[in-house]
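Participant: Sequence and predicted structure, then a few things I'm wondering about:
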Protein chains: 2
Amino acid sequence: MPPQTPITVVLAHFDDLLARGLRELIESDPSLAIVAADVDHRRIPVVLRAHRPDVAILDVGALAKMAEVRELCGLHPATRMVLLADSPSMTECAQLLAFGASACLGRDTQSRDVLHAIHLASRGLQVTPRGTPDQRGGSIAGGQLLTRREAEVLPLLQQGRSNAQIALALQVGVETVRTHARNIYRKLGVSSRRELAAPPTLDPEQRPGWVGRSPRQRPASLLTRPRRGDGSQHH
Amino acid sequence: MPPQTPITVVLAHFDDLLARGLRELIESDPSLAIVAADVDHRRIPVVLRAHRPDVAILDVGALAKMAEVRELCGLHPATRMVLLADSPSMTECAQLLAFGASACLGRDTQSRDVLHAIHLASRGLQVTPRGTPDQRGGSIAGGQLLTRREAEVLPLLQQGRSNAQIALALQVGVETVRTHARNIYRKLGVSSRRELAAPPTLDPEQRPGWVGRSPRQRPASLLTRPRRGDGSQHH
DNA sequence: AGCGAGGGTGAGGCGAGACTCACCCTCGCG
DNA sequence: CGCGAGGGTGAGTCTCGCCTCACCCTCGCT
């Protein structure tokens, strides 16, 4: 038994060469212990349930829809999710973190930075890559990616703004906002602004506080609805 | 000294995680010997000249223009070039092989297949990935990629067909063919149909046969010009 | 019953890129 | 000199995606 209990890691399936590098990298750190490797994406839920690892390293490209991250994080609040994407954009990373992920790294990340990210993630900190100019919404899973306008609407939806508020802010009609919102929901695999932010956390005996109680009691920052007069100061 | 002289390999610079996997993979094969690794793309010519390796593994994404492969193959006919691309299309692979490369593999290639490809390449054989539907000409270096129509024109240019012949074959005007040809030349970094096929091979004391002799003696399949009445049967 | 959110469909404008062709030039070759 | 190849520019047409808006419906809440 090692001096300190090592950080347990589950490694999803990656391209063979990349997986080789990842495995060898993680094995080179004695404080990390791989409990499962090359896990097929469909078996991820099973493996997480069986091993309850501290950290899971997942492939964004294998996700059918982005919201899968949200489900996984909700079902396994004790496991920190480290996501590897091809060349993630800022909105993509931001959304994945909003869905509950702990880190979102590109495939071009230096290997030592990957190790650091795993350690930070295991302690609950979040890691994002250095700012990508965000050329096109996101190179995201499922082939779908957000357009420029949708990337503008997304954060406003996350903040719980009403369609009318967003329409005002962007100087377009409410119908246009509703169209953008529909497309965003479809592309990300959710069906409401609420699902854009916090994971549901179906396990009541995890995570502190408000969870599982009356839903109208949540911290205002994650809000279900602004309840009149919130961020903007229209008195 | 090993029982058989090992195959010497030069490894270009790759993303850290991928490079780790590649290096570890090649080192696991006792018949392969890495003589240089993580070589910056600009230093490739120098390193090839210094070590004259049997095989060089290069990153297609690092190429400024596709025709660089042609120059390298011409300057180093004794070194077999194995190219790693992100997800190469068929026309892309075909063109790289036409430029003199020995193998064109995707980043998702199984590691054992990479080893096999290195061995085959070292003995002069060519390797291409299994057929990709070729959705959009090529995910090629330099950001430029061929359009569907250009991908149709390219093989005809390689065969040395005249603009008029190509126009006839594609049922368009000669001016259109000339436009496509211009764009192809620009995108691939060459300036004539001749440069689309065989590398120049500036080293006269390499490669079997016709090399360095009177250029009109080459095997007709690689031809410099069709010399009237070649592939097509216009009597 | 009214209101906001969400889902489906479609229509018009607009810009980007692909495709086509045209006209201009130079160069090398027979 | 004519001819083909190559290089530059521009101009039409077409398609496609994005953006915008509109109208239809259901559902849940007050």
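Facilitator: Here it is on my side, so go on.
Participant: for chain A, what spans make up the helices?
Facilitator: Counting by DSSP state H, chain A has helices at residues A:16-27, A:44-51, A:67-75, A:90-98, A:111-122, A:148-158, A:163-170, A:174-188.
Participant: Minimum distance to B:His51: which of those has it?
Facilitator: Counting by CB to CB, B:His51 lies closest to helix A:16-27 out of those; the figure is 22.9 Å. Placement of C-beta: from N, CA and C, glycine included.
Participant: Enumerate the residues of chain A near chain B.
Facilitator: For chain A, the residues in contact with chain B (CB under 8 Å from any CB of the partner chain) are A:15-22, A:24-25, A:107-111, A:114.
Participant: Farthest-apart pair in these, please.
Facilitator: Using CB to CB, the residues of chain A next to chain B reach their maximum pairwise distance at A:Asp16 and A:Gln110, which is 20.7 Å.
Participant: For the buried ones among the residues of chain A next to chain B, write the corresponding ChimeraX selection.
Facilitator: This is how ChimeraX selects the buried members of the residues of chain A next to chain B, with burial counted by 16 or more other CB atoms under 10 Å in any protein chain shown:
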select /A:15,16,17,18,19,20,21,22,24,25,107,109,111,114
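Participant: Show me the shaky parts of chain A.
Facilitator: For chain A, the stretches with pLDDT under 70 are A:1-3, A:131-144, A:198-235.
Participant: Show me the longest strand that occurs in it.
Facilitator: Across chain A, the longest stretch assigned as strand under DSSP state E is strand A:32-39.
Participant: tell me which parts of chain A are close to DNA strand C?
Facilitator: With CB under 7 Å from any atom of the strand as the criterion, chain A meets DNA strand C at residues A:162-164, A:178-179, A:181-182, A:185-186, A:191-194.
Participant: What's the end-to-end length of stretch A:168-177?
Facilitator: With CA to CA, to the nearest Å applied, stretch A:168-177 spans 10 Å between its terminal residues.
Participant: What are the buried residues along that stretch?
Facilitator: Neighbour-count burial for stretch A:168-177 flags A:Thr176, A:Val177 (criterion: 16+ other CB under 10 Å).
Participant: neighbouring contacts of that stretch?
Facilitator: Contact partners of stretch A:168-177, identified using CB atoms under 8 Å, 6 or more residues apart in numbering or on different chains, comprise A:Glu152, A:Val153, A:Leu156, A:Arg161, A:Asn163, A:Ala164, A:Ile166, A:Ala167.
Participant: ok, that stretch near DNA strand D or not?
Facilitator: Yes - residues of stretch A:168-177 contacting DNA strand D under CB under 7 Å from any atom of the strand: A:Leu170, A:Val172, A:Gly173, A:Glu175, A:Thr176.
Participant: Identify the residues contacting the residue nearest the centre of chain A.
Facilitator: Centroid check for chain A by CA atoms, centre = their mean gives A:Leu96 as the closest residue, at 2.4 Å. A:Leu96 is in contact with A:Val60, A:Met66, A:Val69, A:Leu83, A:Pro88, A:Cys104, counting by CB under 8 Å, 6+ apart.
Participant: okay but the third one is in contact with A:Val82, surely?
Facilitator: This means A:Val69. No - with contacts counted by CB atoms under 8 Å, A:Val69 stays clear of A:Val82, the gap being 11.1 Å.
Participant: Show me whatever sits in contact with both of the two.
Facilitator: With CB under 8 Å, 6+ apart, A:Val69 and A:Val82 have common neighbours A:Leu58, A:Ala101.
Participant: circling back: what subset of the residues of chain A next to chain B is also close to DNA strand D?
Facilitator: Okay, of these, nothing touches DNA strand D (CB under 7 Å from any atom of the strand).
Participant: Looking at the residues of chain A next to chain B, which one is closest to DNA strand D?
Facilitator: Closest approach to DNA strand D among the residues of chain A next to chain B (CB to the nearest atom of the strand): A:Arg107, at 23.2 Å.
Participant: Identify the farthest-apart pair in the contacts of A:Leu96.
Facilitator: Using CB to CB, the pair of those lying farthest apart is A:Val69 and A:Pro88, separated by 12.3 Å.
Participant: Which residue is the nearest non-sequential neighbour of A:Asp40?
Facilitator: With CB to CB, 6 or more residues apart in numbering or on different chains as the criterion, A:Asp40 has its nearest non-adjacent residue at 5.3 Å, and that residue is A:His13.
Participant: residue contacts, that neighbour?
Facilitator: With CB under 8 Å, 6+ apart, A:His13 has these contacts: A:Ala19, A:Asp38, A:Val39, A:Asp40, A:His41, A:Asp59, A:Ala62.
Participant: Give the ChimeraX command for selecting the buried subset of the residues you listed.
Facilitator: The following ChimeraX line selects those of the contacts of A:His13 that are buried, judged by 16+ other CB under 10 Å:
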select /A:19,39,59,62
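Participant: any idea which of the contacts of A:His13 is closest to chain B?
Facilitator: Nearest to chain B out of the contacts of A:His13 is A:Ala19 (CB to the nearest CB; 7.1 Å).
Participant: what's the distance between that closest one and A:Val10?
Facilitator: Distance of A:Ala19 to A:Val10, computed by CB to CB, to the nearest Å: 13 Å.
Participant: and if you look at A:Arg194?
Facilitator: Taking CB to CB, one finds A:Arg194 at 29 Å from A:Val10.
Participant: Equivalent analysis for A:Arg49, please.
Facilitator: When A:Arg49 is compared with A:Val10 (using CB to CB), they lie 11 Å apart.
Participant: ok, back up a step: check which residues of the longest strand of chain A are buried.
Facilitator: Buried residues in strand A:32-39 (16+ other CB under 10 Å): A:Leu32, A:Ala33, A:Ile34, A:Val35, A:Ala36, A:Ala37, A:Val39.
Participant: which of these lies closest to DNA strand C?
Facilitator: Using CB to the nearest atom of the strand, A:Val39 comes nearest to DNA strand C of these, at 30.3 Å.
Participant: Report the contact partners of that closest one.
Facilitator: By CB under 8 Å, 6+ apart, A:Val39 lies in contact with A:Val10, A:Leu11, A:Ala12, A:His13, A:Val47.
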